[in-house]
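Novice: structure for the following, please:
(chains A and B)
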Amino acid sequence: MTEIPGDLKYLRSHEWVRREDTRRAVVGISDFAQAQLGDLVYVELPKVGTRVSAGDACAVVESVKAASDVYSPVSGVVVAVNEALADKPETINEDAYGEGWLFAVEMDDPSELEDLLDADGYAALLEDQDR
Amino acid sequence: MRQTPLHAIHLESGARMVPFAGWSMPLHYGSQIAEHHAVRREAGVFDVSHMGVVDLRGEDAESFLRRLLANDVARLREPGRALYTTMLAEDGGILDDLIVYRLAPGRFRIVVNAATREKDLDWMRRQATGHDVTIALREDLAMIAVQGPKARERVASVLCERFDPERLLALPRFAAIETDGWMIARTGYTGEDGFELILPAAESAALWRSLIAQGVTPAGLGARDTLRLEAGMLLYGQDMDETVSPLECGLAWTVVFDPPDRDFIGRRALERQREEGLRRELAGVVLPSGGILRSGTPIETPLGPGLVTSGGFGPTVGCSIGLARVPAGAGDALIARLRDRELPLRRVKPPFAREGRSLLPP
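Specialist: Okay, the predicted model is just below:
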């Protein structure tokens, strides 16, 4: 079974976002997404300081199988990226919700998070896709 | 979707199954990269029962194959020898690539690609008109490849009651032996030493389980693809097809023009190409950083456009590599277009890796 932590929000395109404090949000791809992609071999991250809007493609993850865009779930400024992935992209396969995070955004408007799927909503989406 | 005799084992081993040329096949059993490394470092086992095993028998089998295939089976001087060849259309386009084994006087076996087997059989039967040769697709057989530095000794130990281990381990490359409806050949598609076994379907599950019990790693189509790509081996349908001749995709070494009176199908077209000059060639390319080359990635060269026909991440070389089709004489200044960026490629002569190690210059 795929892991879907209850404290995160999700996009239909399989990104997760974790609110770390009032304005800071951390973004990654879900356990389901990493399993679908297979072994990850390359990650392209945005530059720190880049301004992103919710729904922008701002990172790329490439697996043995395919390249896949990663969309920002929220609007704001990229304040940190997970540099360690450059040498060890497989960290995303091993720990998609922890060490495999991609980037952090200083959010313009934290209320954007309310528009995203919660864990139940994301689980329902995956179930629908399964059918 | 067709299933191989090992389908149930794949499911119970947790394989991720994918459709491939009409067959349900294992892509991987957990980690494609771990399977790749297992083959380069130890031993892996692949179910390749989707490939077509075709037996040819008859007085004219040899003369028929000397006309059908661009390589020359007359070079197989004794039974139990194999060679790699293309099968061409009259215009020199590649209908398929295959391995042909000489098994006994008047008896040959060829192994063709899964995606082309029906087309191949149809072509062969049409060409066979007037020859004393029967052509039989062997759907009663399974095919298992065991590859890696430890592969041969693992197979020899598992099969010690059926095959004399010493004889098995003494088998030269591209040679095969047969016993009780089993054929074992020292061939493969990974750039590693190993065996390919063709055996009665009903016996394949027991063999698979014995190999796993010996510590051989099950490996799927994903690892098979990265292993063969690193080894610089072409894949039919990607790196070659009916629109390319063997002279234009790095397979000139498989075409035998001597003796001049051997009139194999496609010969005149290839001779014309040689006279007029080739338009395209195969290039091995390396992208040290910046992304992953994929089949279809466009390439720019000083002589015009080319493209990556097989690309991916090479786990042993540690970066992205590819086989590309470029204008003949394009040289080394090749540039890949990847997500609107222009990335300079390093051109190298394949293979990129084999026998456990990367061959890329530092």
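
Novice: quick one: A:Val64 and B:Thr226 touch, right?
Specialist: Yes - A:Val64 lies in contact with B:Thr226 (CB atoms under 8 Å); the separation is 6.9 Å. In short, each C-beta sits where N, CA and C put it, glycine included.

Novice: what's the overlap in contacts for the two?
Specialist: Contact criterion CB atoms under 8 Å, 6 or more residues apart in numbering or on different chains; residues bridging A:Val64 and B:Thr226 by contacting each: B:Gln32, B:Ile33, B:Gly312, B:Phe313.

Novice: sticking with whichever residue of chain B sits closest to chain A, tell me its helix or strand.
Specialist: Closest to chain A within chain B is B:Phe313: 3.9 Å, counting by CB to the nearest CB. Secondary structure assigned from DSSP states H and E places B:Phe313 in strand B:304-314.

Novice: which strands and helices sit next to that strand?
Specialist: Applying 3 or more CB pairs under 8 Å, 6 or more residues apart in numbering or on different chains; DSSP states H and E, we find strand B:304-314 packed against helix B:221-230, strand B:280-287, strand B:298-301, strand B:319-327.

Novice: give me the buried positions along the third one.
Specialist: When burial is assessed from 16 or more other CB atoms under 10 Å in any protein chain shown, strand B:298-301 yields the following buried residues: B:Ile299, B:Glu300, B:Thr301.

Novice: can you give me the neighbour number for the closest residue to the second one other than its chain neighbours?
Specialist: Right, B:Glu300. Ranked by CB to CB, 6 or more residues apart in numbering or on different chains and with sequence neighbours excluded, the top spatial neighbour of B:Glu300 is B:Ile335, at 4.6 Å. Per other CB atoms under 10 Å in any protein chain shown, the neighbour tally for B:Ile335 reads 16.

Novice: so B:Ile335 bridges to which residues?
Specialist: B:Glu300, B:Pro344 (DSSP bridges).

Novice: tell me the contacts of it?
Specialist: Per CB under 8 Å, 6+ apart, neighbours of B:Ile335: B:Ile299, B:Glu300, B:Thr301, B:Glu342, B:Leu343, B:Pro344, B:Leu345.

Novice: now do A:Val78
Specialist: A:Pro46, A:Lys47, A:Val48, A:Gly49, A:Thr50, A:Arg51, A:Val52, A:Cys58, A:Phe103, A:Ala104, A:Val105.

Novice: show me which of those are buried.
Specialist: Counted by 16+ other CB under 10 Å, those give A:Pro46, A:Thr50, A:Val52, A:Cys58, A:Phe103, A:Ala104, A:Val105 as buried.

Novice: local confidence estimate at the third one?
Specialist: Right, A:Val52. Here the pLDDT value assigned to A:Val52 is 97.

Novice: cool, and the one 10 residues further on?
Specialist: pLDDT, the model's per-residue confidence, is 96 for A:Glu62.

Novice: B:Ile9 contacts B:Arg209, correct?
Specialist: Yes - the criterion here is CB under 8 Å, and B:Ile9 meets it with B:Arg209 at 7.4 Å.

Novice: any idea what residue 17 is bridged to?
Specialist: You didn't pick a chain, so chain A it is. According to DSSP bridges, beta-bridge pairing links A:Val17 with A:Lys9, A:Val27.

Novice: ah, I was thinking of chain B
Specialist: B:Pro26.

Novice: residues of the stretch 101-250 of chain B that sit close to chain A?
Specialist: B:Gly222, B:Thr226 (CB under 8 Å from any CB of the partner chain).

Novice: point out where the stretch 101-250 of chain B drops to low pLDDT.
Specialist: For the stretch 101-250 of chain B, no stretch is flagged by pLDDT under 70.

Novice: could I get the full set of helices for it?
Specialist: Remark: helices assigned in the stretch 101-250 of chain B by DSSP state H, counting those that start in this stretch are B:117-127, B:151-158, B:165-169, B:204-213, B:221-230.

Novice: assign a three-state SS to B:Gly331, would you?
Specialist: coil (DSSP: H, G, I helix; E, B strand; the rest coil).

Novice: could you give the number of residues near it?
Specialist: The burial count for B:Gly331: 12, using other CB under 10 Å.

Novice: contact partners of the worst-scoring helix or strand of chain A on mean pLDDT?
Specialist: Here the helix or strand of chain A ranked lowest by mean pLDDT, DSSP states H and E is helix A:119-130, holding a mean of 91. Identification of contacts with helix A:119-130 by CB under 8 Å, 6+ apart yields A:Thr2, A:Ile4, A:Pro5, A:Gly6, A:Asp7, A:Leu8, A:Tyr10, A:Arg12, A:Ser30, A:Phe32, A:Leu117.

Novice: which of those fall in strands?
Specialist: Counting by DSSP state E, those place A:Tyr10 in strands.

Novice: out of the contacts of helix A:119-130, which are close to chain B?
Specialist: Okay, of the contacts of helix A:119-130, nothing touches chain B (CB under 8 Å from any CB).

Novice: columns distance to B:Asn71, pLDDT and neighbour count on top of the contacts of helix A:119-130, output as TSV?
Specialist: Shown next, in TSV, are the contacts of helix A:119-130 (distance: CB to CB, whole Å; pLDDT from 0 to 100; neighbours: other CB atoms under 10 Å in any protein chain shown):
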residue	distance to B:Asn71	pLDDT	neighbour count
A:Thr2	49	87	14
A:Ile4	55	95	20
A:Pro5	58	95	15
A:Gly6	62	94	8
A:Asp7	63	94	10
A:Leu8	58	97	20
A:Tyr10	55	97	24
A:Arg12	53	95	12
A:Ser30	50	97	23
A:Phe32	47	96	21
A:Leu117	58	96	18
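
Novice: related to what we said a few turns ago, so which of the helices of the stretch 101-250 of chain B is the most packed in?
Specialist: For those, average neighbour numbers computed from mean count of other CB atoms under 10 Å in any protein chain shown are highest in helix B:221-230, which has a mean of 26.

Novice: name the surrounding residues that touch that helix.
Specialist: Outside helix B:221-230, the residues touching it (CB under 8 Å, 6+ apart) are A:38, A:64-65, B:18, B:20, B:25-28, B:32-33, B:35-36, B:38-40, B:44, B:46, B:48, B:147, B:189-192, B:235, B:310-317, B:321-323, B:351-354.

Novice: quick one, which of those residues are buried?
Specialist: A:38, A:64-65, B:20, B:25-28, B:32-33, B:35-36, B:38-40, B:44, B:46, B:48, B:147, B:189-192, B:235, B:310-317, B:321-323, B:351-354.

Novice: the residue nearest the centre of chain B and B:Glu342, how far apart?
Specialist: Nearest to the mean C-alpha position of chain B, by CA atoms, centre = their mean, lies B:Tyr189 at 4.9 Å. Going from B:Tyr189 to B:Glu342 by CB to CB, to the nearest Å gives 33 Å.

Novice: what's the answer for B:Leu95, then?
Specialist: 36 Å.

Novice: can you pick out the residue with more neighbours from these two?
Specialist: B:Leu95 (21 against 10).
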